[in-house]
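[1] below are the sequence and a predicted model; questions follow.
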Amino acid sequence: MPGPGAYLVGAEEKRHVAEVMETGYLSRYGREDDPRFCRKVVTLEKQFAERSGTRYALAVSGGTGAIMASLVGLGVGSGVEVLVPGYTFVASISAVLAVGGIPVLTEIDESLTMDPKDLEQKITEKTRVIMPVHMLGNPSAMDEIMAIARRNKLLVLEDCCQALGARYHGKPIGAIGDIGAFSLNINKTITSGDGGMVITNDEKFYERAFGFHDQGHKPLRMGLEMGKRSILGINLRMNELTGAFALGQMEKLDRILETLKDKKAKFKKPLVDARIPGMTFRTINDPDECATLLAVILDDPKEAARIAKELGTKTVSESGWHVYNHMEQILAVVDERGKKRYRRHMLPHTDDILGRSIALSVGVVDPGLGAGFGITVLSSDDEIAKAAESFIRVARPGRLATGH
């Protein structure tokens with residue numbers, strides 16, 4: 001049940017990985033004068049920066065590590081507040097806690113991304129960073145978010161883990177804010193099993209993120225160095241095999257995105273034409289999204305639950321660690337006085353929207369996202385039509401009463 005890239009593994013990945021296997025250089029570091037050293041990770045970083053239009057890119061071991069390195073890059077530490085939507089994967093929130101920060105949860109709107117109106121109300125004197133999350137491949141409302149950030153002199157970390165390849169008003173996501181974090185795990189647009197990327201145009205943010213990911217070292221060492229460490233860091237390095245696999249996936253990213261947009265359009269059109277009463281589609285903040293999922297929003301939460309159950313899936317509100325209500329490890333967090341910081345149903349607008357929403361798979365087939373019904377990147381036109389027919393048949397009002 002992976003993302004689209006995992007369905008399309010082939011010759012490109014095999015070629016890059018074989019080159020590393022033949023040389024024996026498995027670390028991202030090696031002798032630059034040795035022709036056997038493939039420099040796959042460094043090459044991946046350069047390609048990612050070029051595609052994003054940024055000065056710097058940093059490969060790390062996973063999406064969570066990418067968020068942590070980005071937070072440290074921005075100076076987040078003890079007591080610093082970071083605004084995060086309550087609908088996101090748990091890592092967006094736990095990463096803030098892991099580096100000593102304080103996540104402050106915000107509501108979402110019907111794009112299923114951060115609500116700019118609620119965001120502004122949550123800013124305090126301790127706030128330093130806003131972290132919009134581009135959920136289900138859909139860019140957040142970045143114009144409004146950036147305006148709020150600049151007006152309040154805040155930094156912006158874009159969590160792009162679920163939206164690699166999306167653009168917002170012509171600009172690649174991750175390159176709009178001050179720093180961007182991406183994931184390459186099995187459920188994402190492209191994959192290397194695990195892995196992540198950080199991008200930024202700011203040299204200081206890059207240097208700090210690099211140092212955190214590599215025991216405090218400054219960029220870009222290729223061997224053992226002493227006396228040049230800038231900050232306290234840990235090991236989040238990407239190895240050459242992971243970098244090689246990711247390079248193979250990068251070669252087909254444009255094809256994957258084009259395929260997803262084509263299949264999503266074919267899946268969505270019959271649902272639009274059916275004009276199902278009481279059902280709309282989530283707001284798409286830019287048509288140049290990833291098209292990995294198709295999300296519908298019902299007027300009635302009971303009807304949404306019924307439809308989801310009959311399709312063998314569930315509403316987005318039940319999608320596990322993507323909804324703050326189900327993050328038991330986050331709900332257990334207490335402040336310095338022993339008082340719990342978070343509680344179930346503390347975001348009523350988010351709860352309402354998610355309880356009426358169903359995510360249909362297009363490229364990401366992940367029951368953990370609530371996307372247990374739909375199509376895949378490999379689905380034929382006939383399979384797409386049958387999936388759309390099944391949804392319409394279940395969702396059409398009065399079906400149970402009439403037997404149709």
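    Yep, that arrived. Numbers count the residues shown, from 1 in each chain.

[2] any idea what residue 358 is bridged to?
    Judged by DSSP bridges, the bridge partners of residue 358 are residue 296.

[3] you'd agree it is up against residue 315?
    Yes: the pair residue 358 / residue 315 is scored as a contact, 5.8 Å apart, by C-beta atoms under 8 Å. From N, CA and C alone the C-beta is placed, and that goes for glycine too.

[4] shared neighbours, the two?
    Each of 304, 308, 370 lies in contact with both residue 358 and residue 315 under the rule C-beta atoms under 8 Å, 6 or more residues apart in numbering.

[5] nearest to residue 206, of those?
    Proximity of the shared contacts of residue 358 and residue 315 to residue 206 (C-beta to C-beta) peaks at residue 370, which lies at 35.5 Å.

[6] thinking that closest one is in contact with residue 355, fair?
    No: the criterion here is C-beta under 8 Å, and residue 370 misses it with residue 355 at 11.3 Å.

[7] identify the contacts common to the two.
    Contact criterion C-beta under 8 Å, 6+ apart; residues shared by residue 370 and residue 355: residue 315.

[8] and those two? Which one has more around it.
    It is residue 370, of residue 370 and residue 355, that has more neighbours when counted by other C-beta atoms under 10 Å, with 27 against 19.

[9] sorry, back to before: from the shared contacts of residue 358 and residue 315, which land in strands?
    Among those, none falls in strands (DSSP state E).

[10] which element is residue 360 on?
    strand 357-361 (DSSP states H and E).

[11] which positions in the following helix or strand past that strand come out as buried?
    Note on strand 357-361: by DSSP H and E, the next helix or strand toward the C-terminus is helix 381-395. Residues of helix 381-395 classed as buried by neighbour count (16 or more other C-beta atoms under 10 Å): 384, 385, 387, 388, 391, 394, 395.

[12] try stretch 310-320
    By neighbour count with 16+ other C-beta under 10 Å, stretch 310-320 contains the buried residues 310, 311, 313, 314, 315, 316, 317, 318, 319.

[13] what pLDDT, on average, does it get?
    Averaged across stretch 310-320, pLDDT comes to 95.

[14] go on, stretch 260-268?
    98.

[15] show me which positions of that stretch end up buried.
    Residues 260, 261, 263, 264, 266, 267, 268 are the ones in stretch 260-268 that count as buried (16+ other C-beta under 10 Å).

[16] may I have the strand or helix carrying the last one exported as CSV, CA atoms only?
    It stands for residue 268. Using DSSP H and E, residue 268 sits within helix 253-274. Output of helix 253-274 as CSV, limited to C-alpha atoms (Å, rounded to 0.1, in the frame of the first residue of the first chain):
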residue,chain,number,x,y,z
LEU,A,253,9.1,12.4,-11.1
ASP,A,254,7.7,14.5,-13.9
ARG,A,255,6.1,11.4,-15.5
ILE,A,256,4.6,10.4,-12.2
LEU,A,257,3.1,13.8,-11.6
GLU,A,258,1.6,14.0,-15.2
THR,A,259,0.1,10.5,-14.8
LEU,A,260,-1.4,11.3,-11.4
LYS,A,261,-3.0,14.5,-12.7
ASP,A,262,-4.4,12.7,-15.7
LYS,A,263,-5.9,9.8,-13.6
LYS,A,264,-7.3,12.1,-11.0
ALA,A,265,-9.1,14.2,-13.6
LYS,A,266,-10.6,11.0,-15.0
PHE,A,267,-11.6,9.8,-11.6
LYS,A,268,-13.1,13.1,-10.5
LYS,A,269,-15.1,14.0,-13.6
PRO,A,270,-17.8,11.3,-13.1
LEU,A,271,-18.2,12.3,-9.5
VAL,A,272,-18.6,16.0,-10.5
ASP,A,273,-21.1,15.0,-13.2
ALA,A,274,-23.1,12.9,-10.8
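
[17] closest to residue 26 out of the buried residues of stretch 260-268?
    Closest approach between the buried residues of stretch 260-268 and residue 26, by C-beta to C-beta: residue 260, at 32.6 Å.

[18] the closest residue in space to residue 25 that isn't next to it in sequence: neighbouring residues, count only.
    Of all residues not flanking residue 25 in the chain, residue 37 sits nearest, at 4.9 Å (C-beta to C-beta, 6 or more residues apart in numbering). Using other C-beta under 10 Å, residue 37 has 19 other residues around it.

[19] residues touching residue 37, list them.
    For residue 37, the contacting residues are 23, 25, 30, 31, by C-beta under 8 Å, 6+ apart.

[20] give the helix, strand or coil label for the last one.
    To tie it back to what came earlier, the one meant is residue 31. Secondary structure, DSSP: H, G, I helix; E, B strand; the rest coil: residue 31 is coil.

[21] and it, how many residues sit next to it?
    By the criterion of other C-beta under 10 Å, residue 31 has 11 neighbours.

[22] quick check, pLDDT for it.
    As predicted, residue 31 sits at a pLDDT of 82.

[23] before we move on, back to that, which of the buried residues of stretch 310-320 fall within helices?
    Under the assignment DSSP state H, these contribute residue 310 to helices.

[24] save the buried residues of stretch 310-320 as TSV, and put in distance to residue 53 too.
    Output for the buried residues of stretch 310-320, formatted as TSV (distance: C-beta to C-beta, whole Å):
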residue	distance to residue 53
310	45
311	40
313	37
314	38
315	37
316	32
317	36
318	38
319	32
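
[25] which of the buried residues of stretch 310-320 lies closest to residue 205?
    Comparing the buried residues of stretch 310-320 against residue 205 with C-beta to C-beta picks out residue 319 as the nearest, at 31.7 Å.
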